[in-house]
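Student: Predicted model, plus sequence, below.
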Amino acid sequence: MKTIFWKLSLMGMLAWLAFVPRPALAHGDEDHGAAPAAVSTSGIPETQFELQVIDTSQDDPLLGGEVPLDKAKVRATFLRDGKEAFAQDAHAEVKSGVYGVHTTFDTNGTYSLKWDVKPETGNPFTVDFPIQVAGVPEKSASFFSGWRLPALIVGGVMALLVMFTLGRVTGNRKNGHVKLAVVLVALSLAGVSTRVLAHGGENDEAPVATAGSTVVDLKVGIGDLTTAKRTETTGKYKTILTLKVLKPRAFDPNRLTLTPEQEKTLGIQTIVVKVQAFETGLSVTGSIQPNPANVVNVASRVPGRIRLITVNVGDRVRAGQILATVESTEVADAQANYTAAQSSGLSLQAALRSTQERVRIAERQLKQQRELAAAGAFSQTPLQEARKEQATANSELATVRAEVATAQSQQAQAQADLASHGKQLERIQELYDAGIRSKAELEANQLEHEQDKARVTQAQNLVEQQTARVTQAQVRITLASQAVSREQKIYKSNVLNRKEIVQAQGALETARLEAQGAQANLAGANRAVTSAAARLGALGVVPGSGNVITLTSPTEGVVTSRNAGPGESVLPDKMLLTILNPAVVWVEGDVFEKDLPRIRVGQSVQITTEAVPGKVFTGTLSFTGATVSSETRAVRVRVAVKNAGNVLRPGMFVKTLLVTDARPRTIIVPDTAIQEDGGMKVVYVKEGSAYERREVAVGESVNEHTEIKTGVKSGDLVVTVGGYQLKAIGKK
């Protein structure tokens with residue numbers, strides 16, 4: 001008997017689970033404001049209402065007299081029995097002039113859909129559309145409403161009768177097992193009766209929505225999109241209402257379907273998977289260091305006072321750009337010497353032109369005297385004048401020779417200074433090359449050596465000028481002696497009419513000698529001008545530019561330090577500015593001794609940094625240290641990197657990959673495409689409007705990209721942005 005009772009108890013429990021009514025989910029708990037593709041858990045399809053508004057009063061050259069009304073504010077109000085059921089602000093759809101709202105209906109009946117349209121310009125207007133909703137399942141009534149309460153009473157009575165009967169049969173009304181079985185059977189019968197009696201009030205037909213006289217049948221098939229349209233005209237505006245109803249279908253968490261609006265809202269981004277080269281190797285953390293060869297220090301060439309500095313730390317400069325200006329008395333003196341030499345040259349040019357004119361006059365006078373002598377116009381001897389000229393020439397020769405001796409003494413002193421300073425310069429150069437003396441001391445000695453050269457040149461010019469005068473005086477003496485001899489012969493021979501001719505000849509010779517001297521003086525003045533200009537060039541200024549030197553940038557780069565300001569006195573040994581050309585920088589890092597067999601100079605290197613996401617810089621391993629650090633057991637390595645865009649800055653931390661393995665054909669995807677899901681690696685692949693969730697087997701990760709061994713193939717469209725949102729939707 002106990003076995004029978006337990007069987008009856010089990011049957012009663014199954015009947016209870018099968019027939020007791022369960023409450024339905026209320027529509028009010030759903031959220032239909034997100035997207036038209038959302039599926040209602042109650043099975044009620046969502047309806048999308050799209051209102052297209054056209055202004056028929058426009059005259060567009062492309063669209064004609066009908067132009068879509070954009071940028072309007074539209075609100076949709078659903079009325080039932082003249083009372084507002086609910087209202088929504090319409091959103092602009094992708095198509096121009098179309099505004100949409102989305103909703104679901106959980107109550108059958110006749111609705112009125114009122115659209116309040118406020119154009120950006122012009123008067124607002126309202127348009128109404130009748131909507132008939134039928135076939136919506138009725139909400140479940142209260143458990144004790146309708147036929148449920150009588151059915152429960154009848155079931156309880158039946159349970160008591162069965163309990164009484166079975167108690168009589170068993171003869172043991174106190175048997176607990178029997179009582180339990182009886183109660184379960186009674187409750188099962190009550191549940192069956194309640195289910196049967198209450199089931200008649202429900203309607204399992206799918207809902208049907210109508211717009212005007214057009215009926216939209218939602219029984220077309222799972223997932224089909226059914227539409228209906230109706231057109232109304234209000235004044236100059238033509239409005240077209242379109243109903244789009246999406247039947248609910250079974251939800252597959254591994255395959256999601258989104259509308260273009262949803263994709264835009266979620267920010268979905270994809271890439272096409274390709275078979276490409278994939279390089280792996282040894283990862284090393286490093287830092288950016290400046291290239292010492294690209295660091296330039298800017299200093300003044302002469303002592304002076306800073307007038308202006310045009311740049312600050314952090315400024316970018318180009319080659320030849322003015323950085324600062326310095327006022328210098330040394331430059332002023334050099335400018336004065338140049339001006340004096342130039343003025344002297346101009347004076348000597350004028351003197352040369354004057355002597356050349358005297359030569360021409362003397363030639364004409366000699367010609368005239370010869371013509372007069374031939375006519376017998378002269379009878380006096382010029383012997384006395386010739387002797388006087390001879391004495392004057394001898395006196396002039398003695399004076400000029402004394403001046404030559406003085407000039408030669410000055411030249412010898414200048415040459416001695418030049419030789420002494422030249423040896424000193426060679427010594428300073430050797431000490432500078434050895435790193436003992438500063439560049440400022442070297443430049444100061446170079447400047448002093450150039451000044452000695454200029455003094456030697458000036459002394460040489462003076463000696464040449466005085467020597468030329470000696471030559472002139474000697475020639476004059478010679479001519480005077482010849483004139484004396486000639487006149488003596490003439491005097492003894494009693495030749496007449498020769499004095500004027502001799503005088504004319506002497507004047508011509510004198511004029512010619514003066515012209516030669518003026519030519520020599522002008523050549524010396526020109527050399528003095530050239531020397532003064534060379535001195536100005538050594539100081540970095542142009543003749544006539546005043547006492548200010550301009551400091552320019554010798555290279556393109558960034559100002560990294562500034563050590564002086566306007567008004568400050570400076571010397572050639574003080575560095576004013578430091579400029580770094582970041583076109584090529586160094587990446588330095590440490591490689592552990594166990595990894596040394598994997599690296600070599602010339603090895604390809606990839607560099608990435610969080611400061612420039614998505615960018616990979618390439619370089620080659622240019623240096624490996626000769627010793628292993630006793631503390632870190634690592635060797636310092638260096639990579640020269642071209643700094644495209646100057647985005648790599650000294651001090652910046654980077655990740656370097658010393659490439660040891662290059663795979664020519666590998667499928668890789670960005671790390672952002674891979675999602676963690678239950679201990680698995682998954683990606684989402686776009687197929688049309690659907691997104692398929694796929695499990696993948698991953699390999700190594702390099703530079704924010706990961707090798708995919710299985711799960712995707714070349715040509716697949718993989719989601720790189722928005723995968724986390726797709727995973728969240730699949731979870732829901």
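Tutor: That came through fine. As the structure is a prediction and not an experimental result, all values here were calculated from the model.
Student: Would you quantify the distance from the closest residue to residue 555 other than its chain neighbours to residue 596?
Tutor: Of all residues not flanking residue 555 in the chain, residue 581 sits nearest, at 5.0 Å (Cβ to Cβ, 6 or more residues apart in numbering). (Glycine included, C-beta is placed from N, CA and C.) Look at residue 581 and residue 596: by Cβ to Cβ, to the nearest Å, they are 32 Å apart.
Student: Residue 476 too?
Tutor: Distance from residue 476 to residue 596, by Cβ to Cβ: 90 Å.
Student: More neighbours: these two, which one.
Tutor: residue 476 (21 against 15; other Cβ atoms under 10 Å).
Student: what's near enough to touch that one?
Tutor: Contact analysis of residue 476 by Cβ atoms under 8 Å, 6 or more residues apart in numbering lists 389, 393, 396, 397, 509, 510, 513.
Student: same deal with residue 568?
Tutor: 305, 306.
Student: Repeat the analysis, applying 10 Å as the threshold.
Tutor: 305, 306, 309, 326, 574, 576 (Cβ atoms under 10 Å, 6 or more residues apart in numbering).
Student: List the buried residues for the lengthiest strand in the chain?
Tutor: Assignment by DSSP state E gives strand 653-670 as the longest strand of the chain. Of the residues in strand 653-670, 654, 655, 656, 657, 658, 659, 666, 667, 668, 669, 670 count as buried by neighbour count, 16 or more other Cβ atoms under 10 Å.
Student: nearest spatial neighbour of the last one, skipping sequence neighbours?
Tutor: When you say that, I think you mean residue 670. Residue 670 sits nearest to residue 720 (Cβ to Cβ, 6+ apart), 5.1 Å away.
Student: what pLDDT does that neighbour get?
Tutor: We have a pLDDT of 90 for residue 720.
Student: send the alpha carbons of the helix or strand where it lies over as CSV?
Tutor: Residue 720 is part of strand 717-721 when elements are defined by DSSP states H and E. Provided in CSV are the C-alpha atoms of strand 717-721 (Å, rounded to 0.1, in the frame of the first residue of the first chain):
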residue,chain,number,x,y,z
LEU,A,717,35.3,41.1,-41.3
VAL,A,718,36.3,41.2,-37.6
VAL,A,719,34.9,43.7,-35.1
THR,A,720,37.7,45.8,-33.6
VAL,A,721,35.6,48.4,-31.7
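Student: Residue 354 versus the spatially most central residue of the chain, what's the distance?
Tutor: For the chain, residue 645 is the residue whose C-alpha lies nearest the centre (Cα atoms, centre = their mean; 5.9 Å). Residue 645 sits 68 Å away from residue 354, taking Cβ to Cβ as the criterion.
Student: Residue 620 too?
Tutor: 73 Å.
Student: Repeat that for residue 451.
Tutor: Residue 451 is 34 Å from residue 354, by Cβ to Cβ.
Student: So the two - more neighbours on which side?
Tutor: residue 451 (16 against 12).
Student: re earlier: that's a helix at the residue nearest to the centre of the chain, yeah?
Tutor: Yes: looking at residue 645 with DSSP: H, G, I helix; E, B strand; the rest coil, it is inside a helix.
Student: okay, it: pLDDT?
Tutor: For residue 645, pLDDT reads 77.
Student: Would you mind listing where the stretch 551-700 of the chain has pLDDT under the threshold?
Tutor: Residues of the stretch 551-700 of the chain that meet the criterion pLDDT under 70 lie in 661.
Student: ok, 80 please
Tutor: 572-573, 614, 644-645, 659-664, 689, 699-700 (pLDDT under 80).
Student: Now for the residue nearest to residue 670: which residues touch it?
Tutor: So residue 720 contacts 268, 269, 270, 271, 669, 670, 671, 672, 673, 674, 683, 684 (Cβ under 10 Å, 6+ apart).
Student: repeat that for 7 Å
Tutor: 269, 270, 271, 670, 672, 673 (Cβ atoms under 7 Å, 6 or more residues apart in numbering).
Student: Repeat that for residue 524.
Tutor: 461, 464, 465.
Student: rerun at 8 Å
Tutor: 461, 462, 464, 465.
Student: for residue 513, same thing?
Tutor: Neighbours of residue 513 in contact, by Cβ under 8 Å, 6+ apart: 472, 475, 476.
Student: Of these, which belong to strands?
Tutor: Using DSSP E, none of the contacts of residue 513 sit in strands.
Student: tell me the domain ranges of the protein?
Tutor: 2-23+141-199, 31-137+212-251, 269-290+582-731, 292-326+549-580, 328-546 (automatic domain parsing).
Student: Kindly reformat the ones you listed as CSV containing distance to residue 261.
Tutor: Output for the domains of the chain, formatted as CSV (distance: least, Cβ to Cβ, whole Å):
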stretch, distance to residue 261
domain 2-23+141-199, 34
domain 31-137+212-251, 7
domain 269-290+582-731, 11
domain 292-326+549-580, 45
domain 328-546, 68
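Student: Quick check: which of those is nearest to residue 257?
Tutor: Nearest of the domains of the chain to residue 257, taken as Cβ to Cβ: domain 269-290+582-731 at 4.8 Å.
Student: Between the two ends of that closest one, how far is it?
Tutor: End-to-end distance for domain 269-290+582-731, by Cα to Cα, to the nearest Å: 20 Å.
Student: from the chain's centre, how far out does it sit?
Tutor: 21 Å (Cα atoms, centre = their mean, to the nearest Å).
Student: longest helix anywhere in this protein?
Tutor: Criterion DSSP state H: the longest helix present in the chain is helix 439-492.
Student: Quick check: residue 429 touching residue 442?
Tutor: Yes: assessed by Cβ atoms under 8 Å, residue 429 is found in contact with residue 442 at 6.5 Å.
Student: So these two - more neighbours on which side?
Tutor: Ranked by neighbour count (other Cβ under 10 Å), residue 429 and residue 442 place residue 442 first, with 18 against 14.
Student: from what I can see that one touches residue 427, true?
Tutor: No: Residue 442 is beyond contact range of residue 427, at 10.6 Å (criterion: Cβ under 8 Å).
Student: residues near residue 714, how many?
Tutor: 11.
Student: One more: the one 5 residues further on?
Tutor: Residue 719 has 25 neighbours, counted by other Cβ under 10 Å.
Student: And for residue 392?
Tutor: Around residue 392 there are 14 residues (other Cβ under 10 Å).
Student: Contact partners for the nearest residue to it once chain neighbours are set aside?
Tutor: Nearest non-adjacent residue to residue 392, counting by Cβ to Cβ, 6+ apart: residue 480, 7.7 Å away. By Cβ under 8 Å, 6+ apart, the residues touching residue 480 are 386, 389, 390, 392, 393, 506.
Student: Tell me how many other residues surround the third one.
Tutor: The one in question is residue 390. Neighbours of residue 390 using other Cβ under 10 Å come to 20.
Student: ok, it to residue 277 distance?
Tutor: For residue 390 relative to residue 277 (Cβ to Cβ), the value is 102 Å.
Student: from the middle of its chain, how far away would stretch 573-585 be?
Tutor: 22 Å.
Student: end-to-end on that stretch?
Tutor: 28 Å.
Student: Now it: buried residues?
Tutor: 575, 576, 577, 578, 579, 580, 581, 582, 585.
Student: quick check, nearest of the residues you listed to residue 288?
Tutor: residue 585 (5.4 Å).
Student: could you point out which element follows the helix or strand the closest one falls within?
Tutor: Element membership for residue 585, per DSSP H and E: strand 584-592. The C-terminal neighbour of strand 584-592 among helices and strands, as given by DSSP H and E, is strand 604-608.
Student: partners of the helix or strand just after that following strand, with directions?
Tutor: Per DSSP H and E, the first helix or strand lying C-terminal to strand 604-608 is strand 617-624. Sheet partners assigned to strand 617-624 using DSSP bridges are listed as strand 604-608 (antiparallel), strand 634-642 (antiparallel).
Student: Nice, that's everything, thank you.
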